[in-house]
Each structure stands twice: as structure tokens, then as C-alpha cells.
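Visitor: need a 3D model of the sequence below.
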Amino acid sequence: MCPSRNRGDRIEDHVSEPTMQRTNVARTWIHGNARTREGMSKGRLKEERRFWNRKWMRMVQRKANGGVGPTEGRSDLQSLVLYEVFVRNYSEEGTFEKLGEDLKRIKDMGVDVLWLMPHYPIGEEERKGSLGSPYSIMEYKTCEESLGTLEDFRRLADKVHDQGMRLMIDIVFNHTSQDSAFVKEHPEWFKRDIFDRPKSPWEDVADFNYEHAAQWDALIDVLKFWASQGVDGFRCDVASMVPLDFWQKARREVDREGDMIWLAESVDAAFLTALRRADQTSLCDAELLQAFDLTYDYDLWNLWCSVVAGIEPVHRYLEMLQFQEVYLPARAVKMRFVENHDQTRIMARAHTKDQAIAWTAFTAFNKGALLIHAGQEEGMQKATELFEKDPIPWDSCPYQGILSKLARMKKTKEITEGQFILLSDAPLLLATWIAPPVHEPSPSGRLQLPRPGGGLLGLFNVGVYGEVPASIDVPLEDGDYTNIIADTMAEELTTFQVTEGKVSVPIRTAVVLRFEGDLTSVTPLYSNLSDFKAARAVF
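Guide: The predicted structure is shown next:
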């Protein structure tokens, strides 16, 4: 080891049709007697008031009892830091107990949620490799023997909570192993091919068909079981391939057991297209967000990989990031990452270590939750081995410092309360977080006057060829600015000087400068995807 929301109903459901027709009309105060004439009785208003009072009191009671707060409307999701662990290969021992010994280090990095990849017994039939895929599950309500007992799992959950973190587990409800208890006891719950064999895109598993209410109940019971064992959230494998109605029902029932975090592994555009052409269940992000709190960033993943490789320009990725704000729900939360157990390590994907650090820093700076993949601290290049024993070669963790800085950055007021704006793609990628205005009393004391609340300006050298401009134009007043992600152990500069609107110190990786007041100018990155005037000119 290295050293040390239940989602609300749509607003339309609570608003009468005449009121909906007036939504674009200026609001005016209506006397209480007039409300009755408009179909808005005092009794209904009182009932609505009682409903929200009860909802508020339930939240207060949960917090008083030590709960972490309701998922609905939670602002902490945007600044969440998750840490992914494959217990088998996290250490030589590969046990819950050994992982528990490293929890303080993980917490000190700024991690909020510890995500365990599947910890269940693995099927024998059609097993991949000598140990099998953790996503080929034989039994859902117990633990893989080599990792530890169920009691060991509960002890780990307690230790995670003692560190002030939440525990998330992997849930695999698209399929089981071909020799699972469910396959043996309920063969009718599974898809079959023309030869009446279990059917799936993956050869070692059998896919559920979701045609039986008893199957739904059995799987929801699995979720309730793990909630009772101290689990605080679920990362749901290939959630796009499971019916939305099931996820919504599961969420309603399981959230009664406590406030959970629900993360969906949404799929990339190519996979989604293939599923739809095959007439298979294929939920996009917007659909999944009707039941989940967070989704993967796979909708732009293939494009991002092309940008890192130098095949596509940075600008194309950034304009699609802007477009995400349009095609996803208003409060959608993406889990951002540069690597995970299914993908190439960033140190192997990027052309240089500097480029890898720059993209990692921008990913953390970007809007959304952040995933750190165990081993990223070591700068590993080898991908996660799922089918064999292959422990992480822990040593000095040279990148733990920058990852810790980035995780702590996610908790700054500028990011938790501010507005994210992309500014430029070249010569460096520039983006900013603008903090909300600060209100101060007027000289007379009668008014609260707003003044700019400051913010963060990020500069990221994500280029493929390692070019380092001698200076870079920045929208800041002349003066000295603190780099809040400087790694002092690596002897990085902590203060940057702006002179005549320029930073004249070469930036090889990434810098995040905190500023007071306002930027000298804020011109969002131009994209013809959102320039409707340009579109009209063309057509």
C-alpha cells in the first residue's frame, strides 16, 4: 500500500391546465378570494403546505438521526468523489480486511464514496480465465470466499462509515452466471436462444428477460438485503439494458430503507445503437436519469478518446460538453473519469504524462462527480485484470498529491455553488467557475447590494504534442493569483503573476487560479451547435 433522491413528480402533475397555459404570463398577486374562482381552493393550498412540511420534517429527522440527507435535489452529487476498488486485486491478500487497513489513506485523498466492484461468488460454467469474471455472479446474497465472510463485509462497512465515507457496491441485474441459483431454480426468468440455451452477448452469463413479477421482487429483495448490511449506494452494471420500470420500482421500494446513491452505467452511443437495432432494451442517459442520481460519461467517451489521441480537435469535444447541457435534464449529474476497470489507464492512453495529468485535472474541474480508479495514484499503465490474480504494485503513489488536490477542489464553494463556463480550446483549454454574488449592506443599511463573488480559472495543456506556450492570455486583472492544485511535493509553483492580461510562466500540465471579484471578460466558447442565428442563416 502507499503511505499515508426520490425523484419528485413532474411539475405538470401538480398544476391545473389553465395554470399551465399561463406559465409565460407575468405573475401577479391574487387575492385569496380569487383563488377559489380559479380552481385553487384554500383547502388544496393547505394540503400542499402540509405535504411539504411533512417532507421537510422527514429530512430533518433523518439528519438528526445521523443520516446523510435525502438524494432529492442534493447539491453534493455534483462534487462527489468516488473511489473504485476491485478487492481481489487491491492487495496481495485481496481481502476486505486488508482493504480496511487502507481506508484512512483513501479518505485523506478527499474520497466521499468507496465503490466495491462485485464481491459475490463467481460462476464455474464457461468461466473466463482461472478465477472468472466478477460480473458472472452465482449468488447475490453472500460474498466470494476468498475476499472474506459476510461478517467481514459488515465490519468493512462500519469502518467506511467511521471514516465518514459512504459504501457503494456493484449490482449486476442484466445477467447472472450460467450456473447461478436463479438459472437452476427459475429458468423461465432468462432469455433463451433457438436451442433453448441461456442467451447473452457475453458467453459466461445468462441474461434476465424481466417477464415475471416474481423475478422483479427477488432482485429488489437483493437490494434491500445489502441496504441492511450497511450499503449506502448502488453502481448498476449496464443499467441501460434493464427496463426503466424495474429501476423506478426498485428505487421507490429500496429508498424506504434509507437514502441511497444510485449510479447507472449508461452505455456509449455505438453500443446503444446496436441494442436498438437488435430491438433490445436500450435506455439512454435521459431515460436512466428518471430513476438514477448519476450516469456514466460514456455518451461522449469515444469522442474524448479520439481527442486524446489527436484524431479529433479539442473544440469538438468541448462543444459536445456544452450540448450535454441541452439534451440532458437540467439537474443531470455525470460521473466524470479518465479511466475505470473497463478502460485503458490514462497513463497508457495519453501521449505524455503531462497530457495525462492535464486531462485528469480538467476532468475533475469539469461539472459533475469525479471517479478515481484504484492504482491511478501509482500512475499505472496496465489495465485492470478481471479474470486473474494481479495485485496493484503499490509503492510511493507519486500522483496521490495531485489527485488529493483535485478531490479537495471539488468541495470549494466556487464549484459547489457556482456556474461552470467553457472559455477556450486553444492554445490551452480554459474554463471557469463563477461563484454566486456576495451580498453586502448598502451605506444606508436598508438594502443588500450584490458584488462579484470571485471564482476559479482553470488552464489545461491537454494538447497531444506537448507544446508549451511561453505566455497565455487570461481574463484576469493584473496581480498575483494562487494555484490551488499546486503539488508542493513536486515543487510546483503556487503563485502565478498576471501582467497585462497574460500569464508568462509556461504551463506544462494544469493550473487552477482563484480570483476575487469578477473576470475582465467572460465570452463562452463559441459553438455553432447552439448558435441558432447561424443555423437560420444556413437554412
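Visitor: going forward, measure contacts and count neighbours with C-alpha atoms only.
Guide: Fine.
Visitor: near residue 217, how many other residues are there?
Guide: Other residues near residue 217 come to 13 when the count uses other CA atoms under 10 Å.
Visitor: so the most centrally placed residue in the chain: helix, strand or coil?
Guide: Most central in the chain under CA atoms, centre = their mean is residue 335, positioned 2.1 Å from the mean C-alpha point. State at residue 335, reduced to three classes by DSSP: H, G, I helix; E, B strand; the rest coil: strand.
Visitor: beta-bridge partners for it, please?
Guide: residue 296, residue 369 (DSSP bridges).
Visitor: so who does it touch?
Guide: Contacts here follow CA atoms under 8 Å, 6 or more residues apart in numbering; on that basis residue 335 touches 294, 295, 296, 297, 368, 369, 370, 371.
Visitor: the third one contacts residue 338, correct?
Guide: No - using CA atoms under 8 Å, residue 296 makes no contact with residue 338, being 11.4 Å away.
Visitor: so those two - more neighbours on which side?
Guide: residue 338 (28 against 21).
Visitor: how much space separates the more buried one from residue 266?
Guide: The gap separating residue 338 from residue 266 is 16 Å, by CA to CA, to the nearest Å.
Visitor: try residue 417
Guide: Distance, residue 417 to residue 266, using CA to CA: 26 Å.
Visitor: more neighbours: which of those two?
Guide: residue 266 (28 against 17).
Visitor: tell me who's in contact with the more buried one.
Guide: Listed by CA under 8 Å, 6+ apart, the contact set of residue 266 reads 238, 239, 240, 283, 284, 285, 288, 295, 296, 297, 298, 299.
Visitor: which SS class is the last one?
Guide: Read that as residue 299. Secondary structure for residue 299, judged by three-state DSSP, is helix.
Visitor: okay, now it: neighbour count?
Guide: Residue 299 has 19 neighbouring residues, counting by other CA under 10 Å.
Visitor: and if you look at the third one?
Guide: By the other CA under 10 Å criterion, the neighbourhood of residue 240 contains 25 residues.
Visitor: quick check, pLDDT for it.
Guide: Listed pLDDT for residue 240 reads 98.
Visitor: low-confidence stretches in this structure?
Guide: 1-75, 488-491, 532-539 (pLDDT under 70).
Visitor: in the stretch 401-539 of the chain, mark out all the strands, start to finish.
Guide: Counting by DSSP state E, counting those that start in this stretch, residue ranges of the strands within the stretch 401-539 of the chain are 419-424, 429-434, 438-441, 448-451, 455-460, 472-473, 479-483, 495-499, 502-503, 510-515.
Visitor: could these go into CSV alongside mean neighbour count and distance to residue 185?
Guide: As requested, the strands of the stretch 401-539 of the chain are exported to CSV (neighbours: other CA atoms under 10 Å; distance: least, CA to CA, whole Å):
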stretch, mean neighbour count, distance to residue 185
strand 419-424, 18, 52
strand 429-434, 24, 54
strand 438-441, 12, 62
strand 448-451, 13, 66
strand 455-460, 25, 55
strand 472-473, 16, 66
strand 479-483, 17, 60
strand 495-499, 16, 65
strand 502-503, 18, 68
strand 510-515, 22, 55
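Visitor: turn those strands into JSON lines, columns for distance to residue 352.
Guide: Formatted as JSON lines, those follow (distance: least, CA to CA, whole Å):
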{"stretch": "strand 419-424", "distance to residue 352": "22"}
{"stretch": "strand 429-434", "distance to residue 352": "17"}
{"stretch": "strand 438-441", "distance to residue 352": "41"}
{"stretch": "strand 448-451", "distance to residue 352": "42"}
{"stretch": "strand 455-460", "distance to residue 352": "14"}
{"stretch": "strand 472-473", "distance to residue 352": "21"}
{"stretch": "strand 479-483", "distance to residue 352": "22"}
{"stretch": "strand 495-499", "distance to residue 352": "24"}
{"stretch": "strand 502-503", "distance to residue 352": "23"}
{"stretch": "strand 510-515", "distance to residue 352": "14"}
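Visitor: of the ones you listed, which is nearest residue 148?
Guide: Of all the strands of the stretch 401-539 of the chain, it is strand 510-515 that lies closest to residue 148, at 41.3 Å by CA to CA.
Visitor: residues contacting the closest one, please?
Guide: By CA under 8 Å, 6+ apart, the residues outside strand 510-515 that reach it are 357-358, 361-362, 454-461, 476, 481-486.
Visitor: ok, the closest residue to residue 493 other than its chain neighbours - contacts?
Guide: Closest residue to residue 493 apart from its sequence neighbours, by CA to CA, 6 or more residues apart in numbering: residue 486 at 6.3 Å. Applying CA under 8 Å, 6+ apart to residue 486 gives the contacts 402, 405, 492, 493, 494, 511.
Visitor: residue contacts, the nearest residue in space to residue 193 that is not next to it in sequence?
Guide: Spatial nearest neighbour of residue 193, excluding adjacent residues (CA to CA, 6+ apart): residue 199 at 5.5 Å. When contacts are counted by CA under 8 Å, 6+ apart, residue 199 touches 190, 191, 192, 193, 205, 206, 207.
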